[in-house]
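Participant: Using only what follows, build the 3D model:
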Amino acid sequence: GALMIRRRGVRAALLAVAMAGACAAPVFAQPPMAPGVWMPDQGDGTYANPILAGDYSDPDIVRVGEDYYLTASSFANVPGLPVLHSRDLVNWTLVGHALTRLPHAHHDVPRRGGGVWAPAIRHHGGLFRIFWGDPDFGIYTVTAADPAGPWSEPILVDNPGGAIDPAPFWDDDGQGWLVYSYAKSRSGKINLVALKRLDDSGTRAVGEERIIVDGDTLAQVETSDGPKTWVAIEGGKLYKRDGWYWLFAPAGGVKGGWQGAFRARDITGPYEARNVLDQGDTPVNGPHQGGWVDTPQGEHWFVHFSDA
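Facilitator: Numbering: from 1, shown residues only. Modelled structure (predicted):
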């Protein structure tokens, strides 16, 4: 899937930004590439989507100082969990991989449809932390002081059975939390976002699970294609801005879906729900999993993948 970037704002404004069009962005000029090689950097201070024309599905992003880091699903491939670096959100360099082998012998045999699903990358307590869900064996994390490595061995965070798309969040009081969803093929459950506490180390989920978003209970959502029922909510990422808890989570499926934004004053809810980004009248199909990131200058961007 191709990787896209959009400036965050109201839905109409987001949809007005053409995915393939050139848009203003603070980019650093790069040397010309060979003919046929895609370059998002237009060389004149603008960029064109996609910022990565490759298979970086389910990406997540974090900014540390003036540097941006991105990772993506790697499934049963090794090395896994690619780690990319950028200074401008447009020009990216692969700096390493966070996973030398999958933590379960099951994956020593080549397979498809398992392994590393939808990771999340964060920086907390002086460490880079990547969480991912293996739908068959649980939620794992690895840590590193340097995003280029070395990374720790995988640590099992939790195994509620069929959990996917985990993302950690640390609140203002230092309490860590974990949001995740479920793969129906493994658990029989779908269209949910669950919440659990993390222990002080940030490597183990503790306490009771709380369902903070249940798509089956939500009113229909307005999209550019008319009202739709919330289905297949997954890939949640939790943030806090100006006293609001924000949960970004795609819904409606990979190609035909939309980006949901949920907000609440309390981390456990209740959450308001709306659609903030969908295909509209563009040729680019539904925006799927991604991450919200701000710049040192106070701009807000959303990086997501699109199934090309």
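Participant: Give the buried residues for stretch 84-102.
Facilitator: For stretch 84-102, a neighbour-count test (16 or more other C-beta atoms under 10 Å) marks 84-86, 88-92, 96-99, 102 as buried. No exception for glycine: its C-beta is placed from N, CA and C like everyone else's.
Participant: Sort out which of these are in strands and list them.
Facilitator: In this view, the buried residues of stretch 84-102 that belong to strands under DSSP state E are 84-86, 96-99.
Participant: show me where pLDDT drops low in the protein?
Facilitator: Across the chain, the ranges flagged by pLDDT under 70 are 8-34.
Participant: just checking, what's the longest strand in it?
Facilitator: strand 205-214.
Participant: which strands and helices sit next to that strand?
Facilitator: Under the contact criterion of 3 or more C-beta pairs under 8 Å, 6 or more residues apart in numbering; DSSP states H and E, strand 205-214 touches strand 192-198, strand 244-251.
Participant: switch the cut-off to 6 Å
Facilitator: Where contact means 3 or more C-beta pairs under 6 Å, 6 or more residues apart in numbering; DSSP states H and E, strand 205-214 is packed against strand 192-198.
Participant: Okay, now the sheet partners of the strand it packs on, with direction.
Facilitator: Each strand that pairs with strand 192-198, with its direction, by DSSP bridges: strand 176-182 (antiparallel), strand 205-214 (antiparallel).
Participant: Out of the ones in strands among the buried residues of stretch 84-102, which is nearest to Asp294?
Facilitator: The closest of those to Asp294 turns out to be Ser86 (C-beta to C-beta; 14.2 Å).
Participant: Does that closest one have any beta-bridge partners, and if so which?
Facilitator: On the basis of DSSP bridges, Ser86 takes part in beta bridges with Tyr68.
Participant: so it touches Trp92, yeah?
Facilitator: Yes - because the distance of 4.7 Å satisfies C-beta atoms under 6 Å, Ser86 is recorded as touching Trp92.
Participant: Now for Ile139, how many residues are close by?
Facilitator: 26 (other C-beta atoms under 10 Å).
Participant: can you list contacts of the host helix or strand of it?
Facilitator: Counting by DSSP states H and E, the secondary-structure element that holds Ile139 is strand 138-144. Among residues not part of strand 138-144, those counted as contacts by C-beta atoms under 6 Å, 6 or more residues apart in numbering are 98, 127-133, 151-152, 154-159, 163, 166, 203.
Participant: nearest spatial neighbour of Leu102, skipping sequence neighbours?
Facilitator: Here the nearest residue to Leu102 in space, its sequence neighbours aside, is Gly115; by C-beta to C-beta, 6 or more residues apart in numbering that works out to 5.6 Å.
Participant: ok, that neighbour to Ser152 distance?
Facilitator: From Gly115 across to Ser152, the span is 18 Å (C-beta to C-beta, to the nearest Å).
Participant: cool, Pro103 as well?
Facilitator: As for Pro103, its distance to Ser152 is 11 Å (criterion: C-beta to C-beta).
Participant: do Asn285 as well
Facilitator: Separation of Asn285 from Ser152 (C-beta to C-beta): 37 Å.
Participant: Surely the residue nearest to Leu102 and Ala76 touch.
Facilitator: Yes - the pair Gly115 / Ala76 is scored as a contact, 3.9 Å apart, by C-beta under 6 Å.
Participant: joint contacts of those two?
Facilitator: His107.
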